[in-house]
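> sequence below, structure please.
(one chain, ligands or ions: 1)
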Amino acid sequence: MKQPANANANSVYDYLFIGLGAANSLLILNLYKNGLLDGKTIAVIDPSSKFTDDRTFCFWSTREELVALNLEELVSASWDNIEIAGVTKHNIQPLKYYHIRGVDLSNKTKEVLSLNEVIYYPYSIGVIEKTKPEYFNISVGDSLIYCAKVFDSRPPSYCKLQKNQSHIYQSFFGWKIKTIRNIFDTTSMVMMDFKIPQSDSTQFIYILPFEEDRALVELTRFGENKLSKEESLTILSDYVKQLGVDFEIIEHEVGIIPMSSGKIDVPDLGLDWINMGTRANLLKCSTGYAFHAMAEDAIMQTEAIKANRLSARVSRKGRFVFYDRLLLKLLSKTSEQGKNIFETLFKNVPMVNVLKFMREKTNFSEELLIFSKLPKRIFIEAAVKDIIQETFRLPIITLPIAFTLITILLSWYNIEFISWVVLALGFLTVGLAHGALDHLTSQKILNSKELFYFVIGYLSKAVLFALVWWLSSDTGLVIFILFSAWHFGQADFKEWRFKEGSSSFFWGLVVLMMILFFHGEEFINILQQIPNLSYLSVDKMSEKLFLGLQILTISGGLFLAMIYKSKYILLTLIYLLLASMLPLLMAFGIYFVGQHSISGWKHLSVGLRKGSSTMWVNSLPFTLGGAFIIFYFLWFAVGNYIGIFFIILSCLSLPHVFSMHNFYRLFPNKK
Ligand SMILES: Cc1cc2nc3c(=O)[nH]c(=O)nc-3n(C[C@H](O)[C@H](O)[C@H](O)COP(=O)(O)OP(=O)(O)OC[C@H]3O[C@@H](n4cnc5c(N)ncnc54)[C@H](O)[C@@H]3O)c2cc1C
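Just a heads-up that it's a prediction; the model follows:
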């Protein structure tokens, strides 16, 4: 490979390979084999000229698969048996465990590239832009280069971990040794030998016996802490010493592989920017194996280029992602269990089945059989925790949808009181409580005196609004509807990360109208319970009028769903429509508690940087105060409970809407 003759030259390339590690090397070999490099202008960017020289690659496959993956001529050793020292040793036919030296892969790739006019930029990649649809403009060193198709294998970074995700390391430190006597069994590789100190992690020795007097003996650790050179030297030399034979060290292999169930954080740069290898999530995080998957992927990418179509990677099956997450969680939180988990697994499950499982080729019943052989308690505990945490990560809208469907089901069996109880609890614990945190959103409260003035100001707004109701129920009702629409729309749009304004207000109106107009009779009934409503001649609202209003409301909602291309808007419309089969108060409660208050609670938790339990404690005095006010007035309401309930709710809501509006102005528009 040549370096650019003129560092400032602006060059145009058909293919750019960023990183010449395993993934891109495998791809290049396949492209070459298919004649797809012929006549192409090619560049490679890699700041390190080690490429894959510093590592060796192992994987298992059948011979046919090996040939199909074009790896046969790279293989330098293979084994028929896999041993878990002191536990089991299995012949893995028709599979074999294969070994490829990184340096052979790297040399072969360089040989292929030398047949083409390939320019090598020994730098890290700089700024990437796309000013024309056909090319990416990339600055590298002092040059600006233009590339049509990019294969990017830079090591990725990871998104912030969710609670149920883990990020640990597989670190290893190995010696290729030559012993003075023949001591190794060349038909068997040792995948794991746990007869070493575990040092608060999961660690084992991995042995690849190339000849009877030559082997790679490698200390491997799965854990949050990486192996240090000193501890590796101690453990490894103790281990080799107990082999009882003199030896010399011929080579070293040192490495770190991230084992992360976190999401890989790579930008989407379009269809012609193809992430490769670890960056494309091809490394199985619970094992650290990637080579076989990358070899398969190289074939797939080559086929796609040959057929001039897009390369569509099949995403991993969700259940394997779940299993990996569980194992990594156990390895990171209870690393002392690792030895027990692996030894139990290999003792009780045939090796070929484990290998099939590790390759994600098992079916569900095979997986159940494997799990039945594992230590059950720790896995069940981890699974339950994971499922709960995943449930909390579901979009909020899942809750009101599920609640609506369950309540409809319960109402068929006349046991919908269960939903009423849950809703009442939800109203007290989240509905009222999310409004009882307004004192925390105010920037001005620094001491109890200021808190006192805040409460007085807050209650004054409520009393003033009660006065408006008293003077003119019509005005009170209109104001209530308008600010509720504003507030509901604001919270939903904040949750869905849309810009607030007139559209969010319009959405809030749609929500309210969906609830009210689809419960025409009950709506009229409530209006009739509001004292002194005059200009609404509520008796005269005809069915036709309601039908028209319903159509208008749904059309408005669908219009917004279309404009914002939002499945959330659509789903809200659907469950509100379904909720028309339930009483109005239930439909309102489902939206108010299940969607609005929970979103608000979440925003407050993020904005105030407080956990739910702290927020509950903080909200308790005002929640109790709010509950007392509501029950006090309901006590005196005779016959028109619902009307009074809405009036009190509106009075308590008005100051809350102001507080939340101020809070949302400061609250950053991201989750
Ligand atoms: C020591 C070791 C041994 C392994 N053994 C096995 C094994 O036996 N079996 C198995 O299945 N898996 C194994 N793996 C895991 C996996 O197969 C390898 O990590 C593999 O190399 C991943 O391929 P890759 O192309 O994604 O990354 P890499 O091979 O690491 O290649 C990435 C390339 O990008 C370059 N680069 C970095 N930053 C930049 C930048 N800013 N701009 C441009 N280029 C950049 C790097 O120099 C490197 O050449 C091993 C990993 C290690 C570390």
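> how about the residues of the stretch 151-300 of the chain near the ligand?
153-155, 253, 255, 257, 277-278, 283, 288-291 (Cβ under 6 Å from any ligand atom). All C-beta atoms are positioned from the backbone trio N, CA, C, and that covers glycine.
> can you lay out the residues you listed as a markdown table showing pLDDT, secondary structure and neighbour count?
Listed next are those as a markdown table, based on pLDDT from 0 to 100; DSSP: H, G, I helix; E, B strand; the rest coil; neighbours: other Cβ atoms under 10 Å:
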| residue | pLDDT | secondary structure | neighbour count |
| --- | --- | --- | --- |
| Ser153 | 97 | coil | 25 |
| Arg154 | 96 | coil | 19 |
| Pro155 | 95 | coil | 10 |
| Glu253 | 92 | strand | 17 |
| Gly255 | 94 | strand | 16 |
| Ile257 | 96 | strand | 19 |
| Gly277 | 97 | helix | 28 |
| Thr278 | 97 | helix | 22 |
| Leu283 | 97 | coil | 23 |
| Gly288 | 95 | coil | 18 |
| Tyr289 | 97 | coil | 20 |
| Ala290 | 97 | coil | 22 |
| Phe291 | 98 | helix | 24 |
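> and the furthest pair within these?
Arg154 and Glu253 (22.2 Å; Cβ to Cβ).
> sketch out the low-pLDDT regions of this protein for me.
4-10, 443-445, 535-541, 634, 636-640, 667-671 (pLDDT under 70).
> how about the chain: which residue is closest to the ligand?
Relative to the ligand, the nearest point of the chain is Gly21 (1.7 Å; Cβ to the nearest ligand atom).
> so that residue is in contact with Thr52, correct?
Yes. If you go by Cβ atoms under 8 Å, Gly21 and Thr52 touch, sitting 5.7 Å apart.
> more crowded one of those two?
Ranked by neighbour count (other Cβ atoms under 10 Å), Gly21 and Thr52 place Gly21 first, with 27 against 23.
> gap between that one and Tyr206?
21 Å (Cβ to Cβ, to the nearest Å).
> Tyr146 too?
Relative to Tyr206, and taking Cβ to Cβ, Tyr146 is found at 45 Å.
> what's the strand or helix carrying Leu233 packed up against?
For Leu233, the host element (DSSP states H and E) is helix 229-241. Helix 229-241 sits against strand 167-179, strand 202-211, strand 214-223, with contacts defined as 3 or more Cβ pairs under 8 Å, 6 or more residues apart in numbering; DSSP states H and E.
> report the buried residues of stretch 22-35.
Ala22, Ala23, Asn24, Ser25, Leu26, Leu27, Ile28, Leu29, Asn30, Leu31, Tyr32 (16 or more other Cβ atoms under 10 Å).
> and His661, what does it touch?
Trp486, His487, Gln490 (Cβ atoms under 8 Å, 6 or more residues apart in numbering).
> between those residues, which is nearest Lys339?
Gln490 (53.5 Å).
> check which helix or strand the closest one maps to.
Going by DSSP H and E, Gln490 is in helix 473-495.
> what of Ile274?
Going by DSSP H and E, Ile274 is part of strand 273-275.
> can you check Asn525 too?
helix 520-529.
> tell me the angle that helix makes with helix 473-495.
For helix 520-529 against helix 473-495, the angle between stretch directions is 130 degrees (axes from the mean of the first three to the mean of the last three Cα atoms, to 10 degrees).
> please save the CA atoms from helix 520-529 in CSV.
Extracted C-alpha coordinates of helix 520-529, given in CSV (Å, rounded to 0.1, in the frame of the first residue of the first chain):
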residue,chain,number,x,y,z
GLY,A,520,-71.9,12.5,25.2
GLU,A,521,-74.5,11.6,27.8
GLU,A,522,-72.1,11.5,30.7
PHE,A,523,-70.6,14.8,29.5
ILE,A,524,-74.0,16.4,29.6
ASN,A,525,-74.6,14.9,33.0
ILE,A,526,-71.4,16.4,34.4
LEU,A,527,-72.2,19.8,32.8
GLN,A,528,-75.6,19.6,34.5
GLN,A,529,-73.8,18.9,37.8
